[in-house]
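Peer 1: Provided below are the primary sequence and the corresponding predicted coordinates.
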Amino acid sequence: MPNETAPPPTSPPTGSNATQVRVVLPGPLLRLFPGSERELVVSAGTVAELLDVLDARWPGMRDRLCDSRPAIRKHINIFVDGTSAELESPLPPGAEVFILTAMSGG
């Protein structure tokens, strides 16, 4: 009998241009959201939709990544296929999305 409580490997499309993308989350974010996954595949058409999907799975995650403007927080970087992205950036089919936290110190 399959485990019915496990989240599905993908999320349903959230927008008219939703596509399957691979997402890699940073270690510091994983520690804040127990049970979150380092890598996953979701359906989303833009970076903003992707963050909504992540927030639906792990409530509060969007607030850690975005501010109230809304915009990606200054200490967070999101790359789509190696290119820096904004909330409105489209996600092409099969894209790799990396969410990174900025390093600081002295």
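Peer 2: Perfect, thanks for sending it. Numbering: from 1, shown residues only.

Peer 1: What is the distance between whichever strand or helix holds residue 53 and the centre of its chain?
Peer 2: For residue 53, the host element (DSSP states H and E) is helix 47-57. Computed by C-alpha atoms, centre = their mean, to the nearest Å, the chain-centroid distance of helix 47-57 equals 6 Å.

Peer 1: Report the separation between residue 76 and residue 54.
Peer 2: 12 Å (C-beta to C-beta, to the nearest Å). Glycine gets a C-beta too; all of them are placed from N, C-alpha and C.

Peer 1: Now do the shared contacts for these two.
Peer 2: residue 65 (C-beta atoms under 8 Å, 6 or more residues apart in numbering).

Peer 1: Contact partners for residue 48?
Peer 2: 70, 87, 88.

Peer 1: Show me the residues you listed that map onto strands.
Peer 2: If you go by DSSP state E, the contacts of residue 48 have nothing in strands.

Peer 1: that older thread, alpha carbons of the helix holding residue 53, as CSV, please.
Peer 2: Provided in CSV are the C-alpha atoms of helix 47-57 (Å, rounded to 0.1, in the frame of the first residue of the first chain):
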residue,chain,number,x,y,z
VAL,A,47,9.6,32.5,-10.1
ALA,A,48,6.7,34.1,-8.2
GLU,A,49,4.5,31.0,-8.9
LEU,A,50,7.4,28.8,-7.9
LEU,A,51,7.6,30.6,-4.5
ASP,A,52,3.9,30.2,-4.1
VAL,A,53,4.2,26.4,-4.7
LEU,A,54,7.0,26.2,-2.1
ASP,A,55,5.0,28.2,0.4
ALA,A,56,2.0,25.9,-0.1
ARG,A,57,4.2,22.9,0.8
